[in-house]
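Asks: Build the 3D model from these lines:
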Amino acid sequence: MRFVPDELRVLSRGLRPGFSRVGFGLVSAVLVLAASPLQVTTTARTALIRAEDARGEGPEGIQPILDGLRSPTLRPLAIRAIGRLERPDLVGHVIPFLSDPALSATTAEALAQSLRGLVGDSSRGATRRALVDSVFRLLRDRGRVELNAAAKGAIARSIGRLPYDEPRQAREAESVLISWAPLAVEGYADSSVITGVTHGLYTLARARRTLGALSGPTVGWLRVAAGLTLPNVVSVRRPAWLAMTANGSIDRSDVASGTRDRDPQVRRLAIAALPNVGDSSFQKEQLGRVAHDRDPMVRLEWVRVYRQLLGATDCRPLLTAMTDTVHHVRLAAIDALGAPCPERDAVVAALRQAIDSGPSGQSARTSEGVSWHARAHALTSLARVDPGIAQAYLRRDARHPVWQVRMYVARGAAVMKDSTLLTSLAFDEVGSVREVAIQGLSATLGHLADLIYVRALGSKDYHVVFAAARALRGAPVTDSVRPAVLNALERLSRERRQTSRDPRMELLARVREIGDARVVARLRPLLADVDPEVAEQAATVMNQLTGGTSAKANPTRVAASVMPATGVVRVLVKMSDSTGGGEFTLVLDAEQAPMTVARVVALIQARYYDGLTFHRVVPNFVLQGGSPGMNEYVGDGPFMRDELGLAHHSRGTLGISTRGRDSGDAQWFINLVDNYRLDHDYTVFAAVIGGLDVVDRILEGDVMESVRVLPD
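Replies: Coordinates of the predicted model:
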């Protein structure tokens, strides 16, 4: 067993001084290992998970997690929990387990996740750099002797994502990763190692603007990996393509090969990379060849890239795409036509036809059809192509009974800078319409519309208050703004909901701009707010306004209200027949995300999700739903803690939407493609195991009629 290196004990001094009660290094690590094993019970597991969920701030601190390290059964859970705390001062507790073949993957992940706590902290640059170097060497040395392919792949991923801040560190990591993954192995039986290596290299390539580009030999290795044809290496080709694209290394031969790949995700990536190949004739040839690809995700990418590269010279293929058999492709084509092209008259006619043939009221849709969607998308595109013709359509549909249509009208009015229409829509009955209208007014009239923004601060919709508070940034006349900002801040704070963080943080920013020492008393209750970030920001603003240091945050801790989940949970989601119908089945991962699954199951049993929508649909990325307000800002509170791990955001997996670390509000997103860049930042808690075709055809605004836990 490897003990904690002396250098790590030294480097930890001064890191996160607020957690000095926990200790760090060889002594505490050895004591953890030497203590008598705890009796493994449900109570111990629950205490451990609750301590992690409280981020070590509960009554018992992290002691239940440290106790878990003594138990062979709970040890993997405890190691993972320490990583999720993202506290570099705790890595000494898990380093000894890196040499355990059964725990090396979990430990490597925990070490990399712990060092995420260094991101953004430049106060101890040399100490930080040395700590990262030390953890890198530990992972490198363990990887060299690791015999288990899956574990070695996990170590490779961890090496690639350490928070390096010098090119020298990135090049050392790159060299190690390449040395672990020879490709000339006949009948390569397990792709775990090269999958981990390509994933790690992709992370390094994404940081090339600060750490430098990958070397020529590494790009050559990635090129080979991207072309592997063995049946079990699709998980290698995709991140290899992403790494080469992020590194700016794609050439003609890569694209020509990628567009012929049997995997649609690789073909999509090849088309997406085409703009990086500066050869217009080659681009046109490749786009012509894949325009009718058999897979919708490839055709969808084709629409986007065609618009970028060739749309300004020939719109006819995009007009043809408006008749595609898949509605996501048709809608993408409508969006793509909202830009100048030679066939302007034909485009205007096609967009007008889409508007006129769209429903003038509420309308159900079939599984393969659309309802209001084509009409709404065409409105915004027409506003860009021909504002003169579009104006009459927009003003007519500003009273459309479907609020999403009115929201698209507001987007079109913003494009046209129609302040009269935007002012009218700023008083719409639906918050999402008002939000877009306020954003449009801010861009069009600026502070001439401050009275409208002030009135909007009284909205019950968090996203409206957020948009209004942001629009008031730098307001020249503050007499009427100051009381409205303070009143809105107090009103939202009385609700004691963490989910109001975004608007309240924006309101506090306005108080800092326009307040003075006289308003400090009104901020004092926020020092004990239920949201720690709001409490900290309130203390900062108070001290800035008074020139003092006496204001200290003392947030009220909100304890978890559910017990950690166990076992396998299956869930059936039935979509409303009026919005396409169909159903899909999920399996929830209570082992990797016990608190997330418990919270989601409790909400399902309370019928929380019944009747809610998928309000955000981004084809070839994600679709998101589960908001009672049908937007990003309204969800269930208190915030959910992230439960991050090795789980990959592959196509069909479900994650929890957040707006910053540990800010989940029970909204889901479903990955429509493999989203490697979301790994280690968003909780993966479930996967679609049946009905993925139903998921693929979900449109914005589609309704979940019912969500039910299935019997065992």
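Asks: V464 against G431, yeah?
Replies: Yes. Applying Cβ atoms under 8 Å as the test, V464 and G431 come out as touching, 4.8 Å apart. (Glycine included, C-beta is placed from N, CA and C.)
Asks: who has more neighbours, these two?
Replies: Using other Cβ atoms under 10 Å as the criterion, V464 and G431 rank with V464 on top: 28 against 23.
Asks: chain center to the one helix or strand the more buried one maps to, what's the gap?
Replies: Assigned by DSSP states H and E, V464 belongs to helix 462-471. Centroid displacement of helix 462-471 relative to its chain, using Cα atoms, centre = their mean, to the nearest Å, is 22 Å.
Asks: tell me the domain boundaries of the protein?
Replies: By the assignment in automatic domain parsing, the chain contains the domains 1-163, 475-558, 568-709.
Asks: out of those, nearest to M407?
Replies: Between M407 and the domains of the chain, the shortest gap by Cβ to Cβ is with domain 568-709, which sits at 9.9 Å.
Asks: any idea of the mean pLDDT for the top helix by length along the chain?
Replies: Using DSSP state H, we find that the single longest helix of the chain is helix 125-145. Averaged over helix 125-145, pLDDT sits at 94.
Asks: what angle sits between the helix or strand following that helix and helix 125-145?
Replies: Next in sequence after helix 125-145, counting helices and strands by DSSP H and E, comes helix 149-160. Angle between the axes of helix 149-160 and helix 125-145 is 160 degrees (criterion: axes from the mean of the first three to the mean of the last three Cα atoms, to 10 degrees).
Asks: helices and strands around helix 149-160, which ones?
Replies: Helix 149-160 sits against helix 104-114, helix 125-145, helix 167-179, helix 192-206, with contacts defined as 3 or more Cβ pairs under 8 Å, 6 or more residues apart in numbering; DSSP states H and E.
Asks: Least confident secondary structure element in this structure?
Replies: helix 26-34 (a mean of 37; mean pLDDT, DSSP states H and E).
Asks: Counting by contacts, list what the next helix or strand after it packs against.
Replies: Going down the chain from helix 26-34, the next helix or strand is helix 42-53, by DSSP H and E. When contacts are defined as 3+ Cβ pairs under 8 Å, 6+ apart, helix 42-53 sits against helix 63-68, helix 75-85, helix 594-605.
Asks: and of those helices, who's closest to S578?
Replies: Nearest of the helices and strands packed on helix 42-53 (Cβ to Cβ): helix 594-605, 21.6 Å.
Asks: next structured bit after the closest one?
Replies: Trace forward from helix 594-605 with DSSP H and E and the next one is strand 613-618.
Asks: What lies in contact with that next one?
Replies: Contacts of strand 613-618 from elsewhere in the structure, counted by Cβ atoms under 8 Å, 6 or more residues apart in numbering, are 622-625, 627, 630-632, 669, 672, 698-704.
Asks: how about a cut-off of 6 Å?
Replies: L623, Q624, G625, S627, M630, I698, E700, G701, D702, V703 (Cβ atoms under 6 Å, 6 or more residues apart in numbering).
Asks: closest to Y608 among these?
Replies: Set against Y608, the nearest of the contacts of strand 613-618 by Cβ to Cβ is S627 (10.8 Å).
Asks: shouldn't the closest one be in contact with V634?
Replies: Yes. In this structure, S627 is within contact of V634 by Cβ atoms under 6 Å, at 5.1 Å.
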